[in-house]
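**Student:** Return a 3D structure for these sequence lines:
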Amino acid sequence: MLNLRKSGERGAVDMGWLASRHSFSFGHYQDPLHMGVGPLRVINEDRVAPGRGFEPHRHRDMEIISYVLDGALAHQDSMGNGSVLRYGDVQRMSAGSGVAHSEFNHSKDELVHFLQIWIEPNTTDGAPGYEEKHFDAASKTGRLCLIASNDGREGSVSMRQDASIYATIMDGEASLEHPLGTGRQAYVHVIRGSATVNGVGLGAGDALTVSREARVQLERADQAEILLFDLPG
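**Tutor:** Next comes the predicted model:
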């Protein structure tokens, strides 16, 4: 079964300093028909004005993954971590029993554009944790590069959920295939460019839920960057 989510159907927030599109119900955007897919609860596409950002705030019992697309994202948290994330960096923060953090545009003259992804953990009240790794464009070009998993295999960041996140950069006639195990489903989010997923054409910001299918097929891409989530059903 295939379920298309068009970019323009996402929730929209414009606060002047923040322009955001929400794939699932979040904050002021409440949509009972789009509450997530399996444990995947949030994909927010955020653009933050120079020098602005999110003041310190708290989370608990959530695996929070940041994927920077353009610009520089400054992070600070109550565990003592501080860094500046740029394109290719993937950050995982396990909120566990509770953590506070802030996120700001590190630049004074350029936007920062990033995806913030929340995945519900399969255990609660654990110790907070933090990890970041870099995946350059070459590591993602023409292949499905594992960037997050439950066990940190293949150099991915680890998270507390039986889920995997793959990133790819595709163009032209090449095709990629990802098998889905029994009881598994996929959520495919096109970050930029366009591609055909299981016969459905997707543009930037579009997504497709793939369930009760044997595989995910990516093909006919035009300068596409894509995230593929392999999730429990």
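**Student:** Mind listing what's buried along the helix or strand harbouring residue 13?
**Tutor:** Using DSSP states H and E, residue 13 falls within strand 11-14. Using 16 or more other CB atoms under 10 Å as the test for burial, strand 11-14 gives 11, 13. Placement of C-beta: from N, CA and C, glycine included.
**Student:** strand partners of the helix or strand that comes right after that strand, parallel vs antiparallel please.
**Tutor:** Counting by DSSP H and E, the next helix or strand C-terminal to strand 11-14 is strand 18-22. Strand 18-22 has the following strand partners under DSSP bridges: strand 11-14 (antiparallel), strand 40-48 (antiparallel).
**Student:** If you count neighbours, what's buried in the longest strand along the chain?
**Tutor:** As assigned by DSSP state E, the longest strand anywhere in the chain is strand 215-232. Neighbour-count burial for strand 215-232 flags 216, 218-221, 224-231 (criterion: 16+ other CB under 10 Å).
**Student:** Based on its surroundings, how many neighbours for residue 69?
**Tutor:** 18 (other CB atoms under 10 Å).
**Student:** in what helix or strand does it lie?
**Tutor:** Going by DSSP H and E, residue 69 is in strand 63-70.
**Student:** tilt between that strand and strand 40-48?
**Tutor:** 30 degrees (axes from the mean of the first three to the mean of the last three CA atoms, to 10 degrees).
**Student:** following strand 63-70, which helix or strand shows up next?
**Tutor:** Defined by DSSP H and E, the subsequent element after strand 63-70 is strand 73-77.
**Student:** following that next one, which helix or strand shows up next?
**Tutor:** Counting by DSSP H and E, what follows strand 73-77 is strand 82-85.
**Student:** what's in contact with that next one?
**Tutor:** Outside strand 82-85, the residues within contact range by CB atoms under 8 Å, 6 or more residues apart in numbering are 66, 68, 72-76, 91, 106, 114, 132.
**Student:** per-residue pLDDT, the residue nearest to residue 190 when sequence neighbours are not counted?
**Tutor:** Spatially, and ignoring its direct neighbours in sequence, residue 190 is nearest to residue 202 (4.6 Å; CB to CB, 6 or more residues apart in numbering). Predicted confidence (pLDDT) at residue 202: the value is 98.
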